[in-house]
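Novice: take a look and give me a structure for this.
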Amino acid sequence: MVGLMVGVAVLAGCGGDDDTSAGPAPATGDEASTDGGDGSAADADATSGPVDGALVSVLTFDFGLWALDPTGGDPFEVVVPDAGFSDRQVPPFVTPDGSTAVVLVFTTVEGQTFSNDVGLGGVDLATAEGRLIAPLGQDRPDDESTDSTSWEILAVSDSTAWVTESTVGGNEALLAVDLVAGTVSTAVEASEVRVRSAAVVGDVLYGQFNGAIHTLGATGWDEVVAIDALAHDRFLSPATMAEFAITRSGAPLDPEWASSMLTFFDVRPTIAGIVGSGDLLYWQFNENWSNADGTDSAIVGGIVQFDTASAQITGIWPLGDSVGSFPGENEISTSSQGTWHVTGDLVWFADQRDDGDLLRFDPSTGVEAFDIVPLDGADYTRIELLANDPDGVWLILEDWTVSSSDESGTSASGETRFVLVDPSSGALTLEIDESDLIGF
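Specialist: Residues are numbered from 1 along each chain as shown. Below you'll find the model as predicted:
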């Protein structure tokens, strides 16, 4: 029920420092919002200039797509004509050349409540003008039907958006949408293969699934290399594994234990998937291990650099303490799920665990972690990168407060803010509350 999903908001962030109090005081949502009607950004006119920052979709009675200005100016609403609302589950994608944003759009079928005509919408970032690029289909025949079809944008190049098409209980096809002509073709016929992470290098689509990296060819997915066949011995050895590991006991990783690990070890991507930068792919690996007598546990992880031209690993870097933790006697928590973004030569990763770090990776210096501090009164935060501003790192930051906790579980309520992070100091230079966009 896309129309009922709570939307996420964007915040601009560009790396950071552990001390978020460094640098100038952040602008507040009131300072960043327009001054119309009741003084909220929700009163701003739609389509009022070029999109210089990030785009976010929020749950409103209108289209719900907003452009955020990283200089602290007024956010404004962006629309796609003849479409009802934008995708409230996944933020828009932007083409590598920074010219166009693409987003799924929905228009409720007349006489229905939950049945929608679905299409791919585009926004010209130079003018903020929206258009319907191509219709994709109807998500369900009517409100009473249990049959449904869903679409998800997988990745975009300068000329093409790749969109998965799935049916309930059925298989998944991959569609290729020409962003100029608006034509839709089937790139991969419906099959049991489900690709949940992909990246574009040049005009080539790379996907990771079934233990291998693939490229999309003229007749479907072509395997490039099996993950377990990748040579990582130059970077991981019994002597160097300690740099990539933390143990429950706190003791250094024993070389004999490390040697045993490497017999079965590979560097397959975690659920966070892969990201492209130039001619390179990056991903995170994360493994849990117990020693032979079961007296200790270890988390081993790092960031892998993969050269697409040679199909070889060209570097592996440790994650430091951000690799994971041992919160309880029988508990292990790893940074295996998160979101990626690339700005220039820097690769960013948002650890989506409670109170997860924002990681900045520079191939020349390695990984640096920045702590994102909750608002006063909040118990923990969750962060997500919004990867549709090529020049800035936008975060979706949720501050959660626990309302009850017992043996049956924990209940919490949260607020969303959009935060711009200075790339060098980690200071929060701009904050906008989600309520400033939705008007309440």
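Novice: let me see the contact set for the closest residue in space to residue 396 that isn't next to it in sequence.
Specialist: Among residues not flanking residue 396 along the chain, residue 384 sits closest, at 4.3 Å (CB to CB, 6 or more residues apart in numbering). In this view, the C-beta of every residue, glycine as well, is placed from N, C-alpha and C. Going by CB atoms under 8 Å, 6 or more residues apart in numbering, residue 384 touches 8, 338, 339, 350, 352, 395, 396.
Novice: what of residue 138?
Specialist: Under the criterion of CB under 8 Å, 6+ apart, the contact list for residue 138 reads 109, 115, 116, 117, 118, 149.
Novice: flag the shaky bits of this structure, pLDDT-wise.
Specialist: Where the chain drops to pLDDT under 70, the residues are 1-48, 426.
Novice: as a quick check, tell me the outermost residue of it.
Specialist: residue 293 (38.7 Å; CA atoms, centre = their mean).
Novice: distance of it from residue 256?
Specialist: As judged by CB to CB, to the nearest Å, residue 293 and residue 256 stand 12 Å apart.
Novice: same thing with residue 171?
Specialist: Taking CB to CB, one finds residue 171 at 46 Å from residue 256.
Novice: ok, residue 302 next?
Specialist: 21 Å.
Novice: who's more crowded, the two?
Specialist: residue 302 (25 against 11; other CB atoms under 10 Å).
Novice: where's the more buried one, which helix or strand?
Specialist: Using DSSP states H and E, residue 302 sits in strand 297-307.
Novice: given that strand, what are its sheet partners and their directions?
Specialist: strand 245-247 (antiparallel), strand 280-290 (antiparallel), strand 312-318 (antiparallel) (DSSP bridges).
Novice: does the closest residue to residue 295 other than its chain neighbours belong to a helix, a strand or coil?
Specialist: The shortest distance from residue 295 to any non-neighbouring residue, by CB to CB, 6+ apart, is to residue 249 (7.8 Å). Following DSSP: H, G, I helix; E, B strand; the rest coil, we place residue 249 in the coil state.
Novice: surely residue 249 is in contact with residue 296?
Specialist: Yes - counting by CB atoms under 8 Å, residue 249 does reach residue 296; the two are 4.8 Å apart.
Novice: using CSV, write down the CA coordinates of the helix or strand residue 150 falls within.
Specialist: Using DSSP H and E, residue 150 sits within strand 149-156. What follows is strand 149-156, C-alpha atoms only, in CSV (Å, rounded to 0.1, in the frame of the first residue of the first chain):
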residue,chain,number,x,y,z
THR,A,149,2.3,-6.2,-9.3
SER,A,150,5.1,-4.0,-7.9
TRP,A,151,7.9,-2.1,-9.4
GLU,A,152,11.2,-0.9,-8.0
ILE,A,153,14.0,1.2,-9.5
LEU,A,154,17.2,-0.8,-9.3
ALA,A,155,19.7,1.6,-10.8
VAL,A,156,20.0,4.4,-13.4
